[in-house]
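1. coords below, sequence missing:
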Ligand SMILES: O=C(O)CCC(=O)C(=O)O
Ligand SMILES: [Fe+2]
């Protein structure tokens, strides 16, 4: 496949916290980082974060609520100037991890910030077979996995709906940058179906709306084989559809479907926003409206590489209940 040209369009909706709002958020997050059992996967700690998230700055709560109502033309909300480490300087950010499947099990200022923000959008979830079911996961480049189509890779990561193959895929993905890419090359790419739709031919719209595509599980899911049933890529209201596609895992079932998918990929490239995330930037992506990916970059593996925390949120906790066998946040 040819490497897409990344075009930066106008930046998506962005909220920059004032220093007072950052302090207010930091006070909550620093307190949560010290709140027992201070473990990101513990239901009691999550309960404390859920309660405390109601005390986030009013402007942030309002923006999150608006975004949940309607994610806008880009389906992305960027929140900047969030705290990453404690205000009192008691902890500094450790070196960027480089081991495979790295996750955050211990509460910290940064893990509390992203969990609190995501809990204002929905219920946080994880998948037992992905990153050992941890709710707060690390997005870091991993030596030897450079060419993988997963967030451990550093080649171009194709645009995708997160966990497209899964019936209970998240509604929102939070990506919180705790250390920016020192080379400045890595960009989070996002493209919404609302922006891409007007660029598609009538024929492509029709074909993309039919069950002519198969999607496999991504490499980050251990032990998942085979593809789910054939599905449509454009779904719901024809004039404002949802999108379900992973350009490295979705396969067209016939030539017309292949042509339509190629047209969609070109349209997404035309409307892509490429965001260089800085430390303290949280990008929230609406996984129904917007696909995401990442430009290639050059890891150093010396502790200074780009480091994001990732948390998923789902809107309907009852729908996934049969898969949450222990009644917690992890889907089996
Ligand atoms: O590294 C990025 O910016 C995005 C990676 C990604 O797609 C993910 O973690 O879900
Ligand atoms: Fe992703």
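-> Right, received. Where do you want to start? Fair warning: this is a prediction, and the values are worked out from it, not measured in the lab. Ligands and ions are numbered 1, 2, ... in the order given.
2. residue 164 contacts residue 246, correct?
-> Yes. Counting by CB atoms under 8 Å, residue 164 does reach residue 246; the two are 4.3 Å apart. C-beta coordinates here come from the backbone N, C-alpha and C atoms, glycine included.
3. mind listing the shared neighbours of these two?
-> Residues touching both residue 164 and residue 246 (CB atoms under 8 Å, 6 or more residues apart in numbering) are residue 215.
4. need the pLDDT of residue 326.
-> Model confidence at residue 326, given as pLDDT, is 82.
5. same question for residue 228.
-> Note for residue 228: predicted pLDDT of 73.
6. residue contacts, it?
-> By CB under 8 Å, 6+ apart, the contact set of residue 228 is 165, 166, 167, 214, 215.
7. what does the protein have sitting close to ligand 1?
-> In this structure, the chain approaches ligand 1 at residues 139, 151, 157, 162, 173, 175, 188, 292, 294, 308, 310, judged by CB under 6 Å from any ligand atom.
8. Three-state assignment for the nearest residue in space to the fifth one that is not next to it in sequence, please.
-> Okay, so that is residue 173. Once flanking residues are discounted, residue 173 sits nearest to residue 285: 4.7 Å by CB to CB, 6 or more residues apart in numbering. Following DSSP: H, G, I helix; E, B strand; the rest coil, residue 285 is assigned to strand.
9. tell me what residue 285 is bridged to.
-> residue 76, residue 173 (DSSP bridges).
10. for the remainder of this discussion, apply numbering that starts at 823.
-> That works, and once the first residue is 823, the last one we named lands at residue 1107.
11. any weak-confidence spans in the protein?
-> Counting by pLDDT under 70, the chain has low-confidence residues at 823-832, 1041-1042, 1044-1049.
12. what's the burial count for the residue in the stretch 1023-1154 of the chain that ligand 1 sits nearest to?
-> Nearest to ligand 1, among the residues of the stretch 1023-1154 of the chain, is residue 1116, at 3.9 Å (CB to the nearest ligand atom). By other CB atoms under 10 Å, 25 other residues sit near residue 1116.
13. and it, how far from residue 1033?
-> Applying CB to CB, to the nearest Å, the value for residue 1116 to residue 1033 is 29 Å.
14. was I right about residue 979 contacting residue 967?
-> No. Using CB under 8 Å as the test, residue 979 is too far from residue 967 to be in contact (11.6 Å).
15. who has more neighbours, those two?
-> residue 979 (22 against 17).
16. what does the residue nearest to the more buried one when sequence neighbours are not counted show for phi and psi?
-> Leaving out its chain neighbours, the residue that sits closest to residue 979 by CB to CB, 6+ apart is residue 1116, at 4.1 Å. Per-residue torsions, residue 1116: phi -150, psi 140 (degrees, to the nearest 10).
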